[in-house]
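Participant: this is a predicted model, with the sequence first.
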Amino acid sequence: MSDGGPALDREDRPLGAALSNGRYAPAVTNAPTTDSADEAPSTAVVERVLAKAAEVLIIEASVDDLDRADARRTVVSGQAMTELVRLLAVVDGGTGDRCRCRGWPTILVFDTTGREIAQWSLHHQTGIRGLGNCDADLRDGPALTDWLAERGLTRSREVQQMLAQQATEEEARRGEWVKAAPSDLAQPAEAASHRETDAEDRLAELVAQRYPDPMKRILMLVAWAGFPARHTTTMGGTPWYELAPQRMVLAEPTELILDVLTRAPLTPSELDGAAELFTSFAWTTSPHTDIPESLKSALIAHVTATGTDPMKFQMRHGYGAELTE
């Protein structure tokens, strides 16, 4: 797709732009030749470079995949260049850092001779690399995302929509985790879920104060630690704050933990938490007393009957390994 005029034939367009079959010609790609490598990124750099440009090729791929046949692309020239300058405005001075990913889409800038004078890449739909000695934040990333989508490069918008959905799911999950805490721990749990400074330490101190009886404290924490077993999101994984109850359990003496968990039948939530505990990295990678057979049997029966697929997988490769032998 082109912008600012009809698509040019291969003979008419600058060398290094799109071929007539829509692919990029890597053989004529030059390293960026702008003189901004040692200066801080700024909108002035964007304006200076694009003032020399005859054509800009934007490819929906990282710099390593520019010749990928299915990568969407758009060519910008003429009047559309003014709009591109506006959309690529950045927060002057840059971030002082460089994102570790390769970034996409890739923006290639060519002068009137077909020489590549700049190569930029967008990062996470919010930043740009190539304007200077570090990355820079875009002033209006969403506007650029919409502009690209209007020209057929929709992947940035799709990623933004996916990220928004994930953020909504993660926030809902965070709220449910706080609700799963005992009511007298809700406030410090809220702070811990936001990763506030020293919030987990304050939570642990309050747990010790309000649950001085070791048995009640461990059972409460184990039940709360079972939360991740039944809650998943499209992003997957377990947020660090959700492991706080488990970390507090692990701070207790091993013999005490096993004694408490074998004194009386456990509730479903407590069984979930125990299953998570005994398959955790911290437990399985450190020397511990073997799980009592009565507790192991209860866990196997519970997870086999009601566990999620991940719980059953962890069981088969942990305390229930003998089931596959």
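Facilitator: Great, that's in hand. Numbers count the residues shown, from 1 in each chain.
Participant: so what's residue 89 up against?
Facilitator: When contacts are counted by C-beta atoms under 8 Å, 6 or more residues apart in numbering, residue 89 is found next to 43, 46, 138, 139, 140. Where C-beta positions appear, they are placed from N, C-alpha and C, glycine not excepted.
Participant: report the two of those separated the most.
Facilitator: Greatest spacing in the contacts of residue 89, by C-beta to C-beta: 46 and 140 (12.9 Å).
Participant: so which of the two has more stuff around it?
Facilitator: Higher neighbour count among residue 46 and residue 140: residue 46, with 24 against 15, using other C-beta atoms under 10 Å.
Participant: I'd say the more buried one and residue 91 touch.
Facilitator: No: if you go by C-beta atoms under 8 Å, residue 46 and residue 91 don't touch, sitting 11.9 Å apart.
Participant: who's in contact with the nearest residue to residue 314 once chain neighbours are set aside?
Facilitator: Taking C-beta to C-beta, 6 or more residues apart in numbering, and ignoring the residues beside it in sequence, residue 314 has residue 279 as its nearest neighbour in space, at 4.0 Å. The contact partners of residue 279, by C-beta under 8 Å, 6+ apart, come to 314, 315, 317, 318, 319.
Participant: quick one: which of those is nearest to residue 187?
Facilitator: Nearest to residue 187, judged by C-beta to C-beta, of the contacts of residue 279 is residue 314 at 32.0 Å.
Participant: only alpha carbons, please: show stretch 175-189 as CSV.
Facilitator: What follows is stretch 175-189, C-alpha atoms only, in CSV (Å, rounded to 0.1, in the frame of the first residue of the first chain):
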residue,chain,number,x,y,z
GLY,A,175,-8.6,-7.6,42.9
GLU,A,176,-9.7,-11.2,43.4
TRP,A,177,-6.5,-12.1,45.1
VAL,A,178,-7.0,-9.2,47.6
LYS,A,179,-10.5,-10.4,48.2
ALA,A,180,-9.2,-13.9,48.9
ALA,A,181,-7.2,-12.5,51.8
PRO,A,182,-8.7,-12.4,55.3
SER,A,183,-10.6,-9.2,55.8
ASP,A,184,-8.2,-7.9,58.4
LEU,A,185,-5.4,-8.2,55.9
ALA,A,186,-7.1,-6.6,53.0
GLN,A,187,-5.4,-3.2,53.2
PRO,A,188,-1.8,-4.5,53.4
ALA,A,189,-2.6,-7.1,50.8
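Participant: care to break the protein down by domain?
Facilitator: Domain assignment for the chain by automatic domain parsing gives 2-153, 161-324.
Participant: can you lay out the ones you listed as JSON lines showing mean pLDDT?
Facilitator: What follows is the domains of the chain, written out as JSON lines (pLDDT from 0 to 100):
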{"stretch": "domain 2-153", "mean pLDDT": "82"}
{"stretch": "domain 161-324", "mean pLDDT": "94"}
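Participant: tell me where the stretch 1-150 of the chain has helices.
Facilitator: With DSSP state H, counting those that start in this stretch as the criterion, the stretch 1-150 of the chain has helices at 43-51, 80-87, 141-150.
Participant: picking that back up, let me have the contacts of residue 89 in JSON lines, extended by distance to residue 37.
Facilitator: Supplementary listing: the contacts of residue 89 in JSON lines, determined by distance: C-beta to C-beta, whole Å:
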{"residue": "43", "distance to residue 37": "17"}
{"residue": "46", "distance to residue 37": "15"}
{"residue": "138", "distance to residue 37": "20"}
{"residue": "139", "distance to residue 37": "22"}
{"residue": "140", "distance to residue 37": "25"}
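Participant: between these, which is nearest residue 85?
Facilitator: Comparing these against residue 85 with C-beta to C-beta places residue 46 closest, at 6.1 Å.
Participant: nearest spatial neighbour of that closest one, skipping sequence neighbours?
Facilitator: With C-beta to C-beta, 6+ apart as the criterion, residue 46 has its nearest non-adjacent residue at 4.8 Å, and that residue is residue 88.
Participant: my guess is that neighbour contacts residue 128. True?
Facilitator: Yes: under the criterion of C-beta under 8 Å, residue 88 makes contact with residue 128 at 6.8 Å.
Participant: could you name every residue contacting both of these two?
Facilitator: Common contacts of residue 88 and residue 128 (C-beta under 8 Å, 6+ apart): 120, 138.
Participant: all strands of this structure, in order?
Facilitator: Taking DSSP state E as the criterion, the chain contains strands spanning 2-3, 55-59, 73-76, 106-110, 116-123, 127-129, 136-137.
Participant: could those go into TSV alongside mean neighbour count and distance to residue 99?
Facilitator: As requested, the strands of the chain are exported to TSV (neighbours: other C-beta atoms under 10 Å; distance: least, C-beta to C-beta, whole Å):
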stretch	mean neighbour count	distance to residue 99
strand 2-3	20	27
strand 55-59	24	18
strand 73-76	23	22
strand 106-110	25	14
strand 116-123	22	5
strand 127-129	23	7
strand 136-137	22	11
